[in-house]
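1. Next comes the sequence, and after it the predicted model I'd like to discuss.
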Amino acid sequence: MLNWAITAKTARDSCVTVGLASLATVGFVILFVYAMVNMGTELLKFVSQFPFLKNIFELSLGIRVEGDVSINILLAVSFTHLVVVILAWGTIIAIVTRVSVGEVEQGTADLLLSMPVSRFTVSVSTTLVWIFAAAQLAMCPLVGIWIGGRVFAGDDPIHFLSFVPVAINLFALHLAIGGLSQLVSGIANRRGIAIGVVVGIALVSVTLNFIGPFIQPIQRLRFMGLLHYFRPVDIVQTARWPIQSCLVLLGIAIICWTIGTISFCRKDIPAP
C-alpha cells in the first residue's frame, strides 16, 4: 500500500519547492499584517466615502465594506489573497502532476513502474507527500499572522485562535485541489495539459468567488466554485467551525483522488 522509498524520493524532489513557497507565504502574510495594522481601518474609512473606490476595494478583497470592520476580519482576507492561493495551489499541482503524468511525458515512467510495486502503491506513496505539503501551506498564513501580530502590535487586538478553523478549512480546500489535480493527471498524458486544465478550473473558482457577490447572475453559480466552501471572513465573524464546508471539500478530494488513481492504474503508458 505504501512504499517509503518512493515517498522519500518524492519528498526530496519537492522539498525545495514546498520550502520556498512556505517561506514566501509566511513573509507575505507578515507584510499583510503590517499593512492592515498600520493603515487598514483608515483606508476603509477613506474608500467608504467614494462609491467607486469602495467597489474596487471590495472586489479586490472579496468582502463587503459595511459597518464596523475589525482588524481580524481584514486579516482573514489574507487566507484568500491571490498570492497565498497561487503559491499553495501551484506547489500542490506541481507535486501531484510530477509522477502521474510528468514521468509519462518524460518517458521515465516505465523505469519507475518496473519496480516491484503496484501503480496504486506509487499513487498512495506520492499522495502522502502532497498531503503533508497541503497541510504545511495551510498553516503558513496562521504562522504569518502569529508573527506579524507580535511584531506589529496595533490598538485593535488580534484574536489568533479565531483563525485556527480558517486554517483547517484552507487545508480541506488544498486537499480538494490536490484531488482534482490527481483526477486530471490520471487521465492526461501531457503534464502541460494537466496543469492547464487544473489551473483553468481554479481560475474559474477564483472568479466566481470574487465577482459573484457583485453580479447577480454569477452569484447563482458560486456553489460550483471550490472557494464557495472557504469563507474565512464569515468564519471569523461568526466564530463557527466550517464543518459542512470542510466535509464538502473532503468529499470532492476523495472522489477526485479515487477516480484519478483508478485512471492512473489503468493508463496506457507509451514506450519512450
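-> Perfect, I can see it now. Numbering: from 1, shown residues only.
2. buried residues in the helix or strand harbouring V122?
-> According to DSSP states H and E, V122 maps onto helix 119-151. When neighbours are counted by 16 or more other C-beta atoms under 10 Å, the buried residues of helix 119-151 are found to be 119, 122-131, 133-134, 136-146, 148-149. The way it works is simple: take the backbone N, C-alpha and C, and place the C-beta from them, glycine included.
3. Check stretch 16-34 too.
-> Across stretch 16-34, burial judged by 16+ other C-beta under 10 Å covers 17-18, 21-22, 24-26, 28-30, 32-33.
4. Distance from the chain centre to it, please.
-> Offset of stretch 16-34 from its chain centre (C-alpha atoms, centre = their mean, to the nearest Å): 14 Å.
5. Let me know how buried Q237 is, in neighbour terms.
-> Q237 sits with 16 neighbouring residues when counted by other C-beta atoms under 10 Å.
6. residues in contact with it?
-> For Q237, the contacting residues are I73, taking C-beta atoms under 8 Å, 6 or more residues apart in numbering as the criterion.
7. Please look at P232 and I168 and confirm they touch.
-> No. Look at P232 against I168 with C-beta atoms under 8 Å: they stay out of range, at 11.1 Å.
8. Of those two, which one has the most company?
-> Higher neighbour count among P232 and I168: P232, with 25 against 19, using other C-beta under 10 Å.
9. residue contacts, that one?
-> Listed by C-beta under 8 Å, 6+ apart, the contact partners of P232 are 76-77, 79-80, 163, 166, 169-170.
10. Now pLDDT and secondary structure too, for those residues, in a markdown table please.
-> What follows is those, written out as a markdown table (pLDDT from 0 to 100; DSSP: H, G, I helix; E, B strand; the rest coil):
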| residue | pLDDT | secondary structure |
| --- | --- | --- |
| A76 | 84 | helix |
| V77 | 83 | helix |
| F79 | 90 | helix |
| T80 | 85 | helix |
| F163 | 92 | helix |
| V166 | 93 | helix |
| N169 | 95 | helix |
| L170 | 95 | helix |
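11. among these, who's most crowded?
-> Neighbour count (other C-beta under 10 Å) singles out L170 as the most crowded of these, with 29 neighbours.
12. what's the closest non-adjacent residue to it?
-> Nearest-residue entry for L170: A138, 4.3 Å, with adjacent residues in sequence omitted and distances by C-beta to C-beta, 6 or more residues apart in numbering.
13. do you know how far that neighbour is from L82?
-> When distance is defined by C-beta to C-beta, to the nearest Å, A138 is 16 Å away from L82.
14. same question, T126
-> Between T126 and L82 the computed distance is 27 Å (C-beta to C-beta).
15. element containing L203?
-> Secondary structure assigned from DSSP H and E places L203 in helix 191-211.
16. CA-only coordinates of that helix, as CSV, when you get a sec.
-> Taking Å, rounded to 0.1, in the frame of the first residue of the first chain, the C-alpha atoms of helix 191-211 are listed here in CSV:
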residue,chain,number,x,y,z
ARG,A,191,1.8,17.5,-17.9
GLY,A,192,1.3,20.8,-19.5
ILE,A,193,-2.3,19.9,-20.5
ALA,A,194,-3.0,18.6,-17.0
ILE,A,195,-1.6,21.7,-15.3
GLY,A,196,-3.6,23.9,-17.7
VAL,A,197,-6.9,22.2,-17.0
VAL,A,198,-6.5,22.4,-13.2
VAL,A,199,-5.3,26.0,-13.4
GLY,A,200,-8.3,26.8,-15.6
ILE,A,201,-10.7,25.2,-13.1
ALA,A,202,-9.0,27.1,-10.3
LEU,A,203,-9.3,30.4,-12.1
VAL,A,204,-13.0,29.9,-12.7
SER,A,205,-13.4,29.2,-9.0
VAL,A,206,-11.5,32.3,-8.0
THR,A,207,-13.5,34.4,-10.5
LEU,A,208,-16.8,33.1,-9.2
ASN,A,209,-15.7,33.8,-5.6
PHE,A,210,-14.6,37.4,-6.1
ILE,A,211,-17.0,38.6,-8.8
